[in-house]
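Participant: kindly return the folded structure for what I paste below:
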Amino acid sequence: MKSIKNRKALHEYFVIQQFEAGIVLRGTEIKSIRAGQINFKDSYAKIENGECWLMNFHISPWEKASFFNHEAERKRKLLMHRSEIRKLKSKVEELGMTLIPLDIYINAEGLCKLSIALCKGKKFYDKRETLHKKDLEREREREK
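Facilitator: Numbers count the residues shown, from 1 in each chain. Here you go, the predicted structure:
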């Protein structure tokens with residue numbers, strides 16, 4: 001299965017470092033992810049009590065489910081090594097960075113993985129500069 005990417009994140013943030021994490025899901029959530037019914041808007045990761053949590057990540061309810069369906073924007077636990085979580089916590093607290101989900105995919109074993117990144121927010125002029133570079137690259141590609 002192809003991955004579903006958070007395209008807005010690369011426009012809004014500078015990616016410093018990427019991490020791969022497992023995600024704890026319920027049965028109807030994995031079915032919705034396989035169908036591509038997710039939304040990254042305003043989602044972020046947060047570290048609480050030595051555990052990493054994914055907040056505001058929207059997974060649409062599975063339409064064929066009955067009363068066993070899930071909440072769309074519930075708090076979801078991310079599965080990471082304790083040492084990685086400690087490193088992330090120190091960078092988030094000391095340097096004021098943010099943990100943003102970049103993409104979600106299902107690997108060869110059928111497990112759902114989330115790629116999160118340690119990010120720093122872009123200023124308005126940084127966003128404009130990034131768009132300018134993309135335009136120049138497109139023009140170079142067209143000329144070839």
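
Participant: where in this protein is pLDDT low?
Facilitator: In the predicted model of the chain, residues 1, 65-67, 70 satisfy pLDDT under 70.

Participant: show me where it has its helices.
Facilitator: 7-12, 27-34, 82-95, 124-143 (DSSP state H).

Participant: out of the ones you listed, which gets nearest to residue 108?
Facilitator: Each of those has some distance to residue 108 by Cβ to Cβ; the shortest is helix 27-34, at 14.6 Å. (Each C-beta comes from the backbone N, C-alpha and C, glycine too.)

Participant: okay, the closest one in CSV with CA atoms only?
Facilitator: Written as CSV, here are the backbone C-alpha positions of helix 27-34 (Å, rounded to 0.1, in the frame of the first residue of the first chain):
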residue,chain,number,x,y,z
GLY,A,27,-10.1,-2.6,14.3
THR,A,28,-12.3,-0.1,12.6
GLU,A,29,-9.4,2.5,12.5
ILE,A,30,-7.1,0.3,10.5
LYS,A,31,-9.9,-0.4,8.0
SER,A,32,-10.4,3.4,7.5
ILE,A,33,-6.7,3.9,7.1
ARG,A,34,-6.5,1.2,4.4
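
Participant: what are the buried residues along it?
Facilitator: 28, 29, 30, 31, 32, 33 (16 or more other Cβ atoms under 10 Å).

Participant: how close does the fifth one sit to residue 138?
Facilitator: Between residue 32 and residue 138 the computed distance is 34 Å (Cβ to Cβ, to the nearest Å).

Participant: CA atoms only: put stretch 136-144 into CSV for me.
Facilitator: Only the C-alpha atoms of stretch 136-144 are listed here, as CSV (Å, rounded to 0.1, in the frame of the first residue of the first chain):
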residue,chain,number,x,y,z
LEU,A,136,12.6,27.4,-10.4
GLU,A,137,12.9,23.6,-10.2
ARG,A,138,9.7,23.1,-12.3
GLU,A,139,11.0,25.5,-14.9
ARG,A,140,14.3,23.6,-15.2
GLU,A,141,12.4,20.3,-15.6
ARG,A,142,10.2,21.8,-18.3
GLU,A,143,13.2,23.0,-20.3
LYS,A,144,14.7,19.5,-20.3
